[in-house]
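**Student:** predicted coordinates and the sequence they were generated for:
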Amino acid sequence: MIIAPGKPVWFRFGVDPEEAERHCLTSCRFRDAFLLQAEIDDRCHRRKRTPGYDRKVPVSLVLAICANLMLPNRHRYDQDTFGAVQLTHMNLRQSELEKRRHEALCAIGLNGARMFIMPLISKQQVVQMTNQIKRKHGIE
């Protein structure tokens with residue numbers, strides 16, 4: 001049973017702490033892989049001059065934000081850390097980004113196809129989605 005001030009009581013049965021920690025670490029790996037993919041997507045769409053690029057963001061960034069929001073506080077990046085990771089990725093060469101993304105996906109057990117690009121989504125839709133997730137999980 002999980003009791004937090006101002007939140008509804010949660011009941012969780014049969015959760016092995018080791019299994020829960022492994023699940024959290026896998027979610028962290030997904031978040032980190034999506035952040036790498038977001039930089040690759042951003043560069044590609046900028047280079048291609050995709051229509052509406054300035055009003056949209058890569059779906060991979062939305063997935064990274066969602067994965068981050070659903071993690072427990074101890075594993076969640078705050079805004080400063082999230083931004084610092086993005087700045088670090090901006091300073092990497094394209095080949096290094098591709099290599100790190102491939103390694104990140106392989107660590108999760110996925111095939112990291114080279115030059116895979118995710119589509120863009122409007123910034124308004126991103127705000128709506130993240131607010132919905134925050135409300136559902138009681139995140140401020």
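**Tutor:** Received the coordinates, thanks. None of these values were measured; they are calculated from a predicted model.
**Student:** quick check, pLDDT for residue 112.
**Tutor:** Residue 112 is assigned a predicted lDDT (pLDDT) of 68.
**Student:** should've said residue 86
**Tutor:** According to the predicted model, the pLDDT of residue 86 comes to 93.
**Student:** that one: how many residues sit nearby?
**Tutor:** Here the count is done by other C-beta atoms under 10 Å, and residue 86 has 15 residues near it. Every C-beta, even on glycine, is put in place using the N, C-alpha and C of the backbone.
**Student:** residues in contact with it?
**Tutor:** Applying C-beta atoms under 8 Å, 6 or more residues apart in numbering, we find residue 86 in contact with 35, 38-39.
**Student:** need those residues in TSV (columns: pLDDT, neighbour count and secondary structure).
**Tutor:** Converted to TSV, the contacts of residue 86 look like this (pLDDT from 0 to 100; neighbours: other C-beta atoms under 10 Å; DSSP: H, G, I helix; E, B strand; the rest coil):
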residue	pLDDT	neighbour count	secondary structure
35	95	25	helix
38	92	23	helix
39	93	24	helix
